[in-house]
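J.: starting from these lines, generate the structure:
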Amino acid sequence: MHLDDIQHDFDFDTWIDLFTDYCRSQGYTGPIDKYSFEFDWETGQTPEESARTFINEIND
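T.: Numbering: from 1, shown residues only. This is a model prediction of the structure:
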């Protein structure tokens, strides 16, 4: 199942776990400050779309 297909009815800890898993699956091994991404969760971004943005910014 694609993360974008998952309902956003989960708490922030679950969201950040999914975000972190996606980042790691893309080869990112650095630190992740979970509270830097709380706004993304609050505004309804999926963990995958937020992680894609994060990975793109890191790689630029």
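
J.: contact partners for the residue positioned nearest the centre of the chain?
T.: By C-alpha atoms, centre = their mean, the chain has its centre lying nearest to Phe19, at 2.6 Å. Going by C-beta atoms under 8 Å, 6 or more residues apart in numbering, Phe19 touches 32, 37, 40, 47-48, 50-51, 54. Using the backbone N, CA and C atoms, a C-beta is placed for each residue, glycine as well.

J.: farthest pair in the residues you listed?
T.: Across these, the longest distance by C-beta to C-beta is 14.4 Å; it joins Ile32 and Glu48.

J.: comparing the two, which shows the higher neighbour count?
T.: For Ile32 versus Glu48, neighbours defined as other C-beta atoms under 10 Å are more numerous around Glu48 (19 against 14).

J.: out of the contacts of Phe19, which comes closest to Asp11?
T.: Out of the contacts of Phe19, the member with the shortest distance to Asp11 (by C-beta to C-beta) is Pro47, at 12.2 Å.

J.: so that closest one is in contact with Leu18, correct?
T.: Yes - counting by C-beta atoms under 8 Å, Pro47 sits close enough to Leu18 to count as a contact (3.8 Å).

J.: so these two - more neighbours on which side?
T.: Each of Pro47 and Leu18 had its neighbours counted (other C-beta under 10 Å), and the higher figure belongs to Pro47 (25 against 17).

J.: could you check how far the more buried one is from Glu57?
T.: 16 Å (C-beta to C-beta, to the nearest Å).

J.: same question for Thr20.
T.: 16 Å.

J.: how close does the residue sitting furthest away from the middle of the chain sit to Gln45?
T.: Ranking residues of the chain by C-alpha distance from their mean position (C-alpha atoms, centre = their mean) puts Asp60 at the top, at 17.8 Å. In this structure, Asp60 and Gln45 are separated by 19 Å, where distance is defined by C-beta to C-beta.
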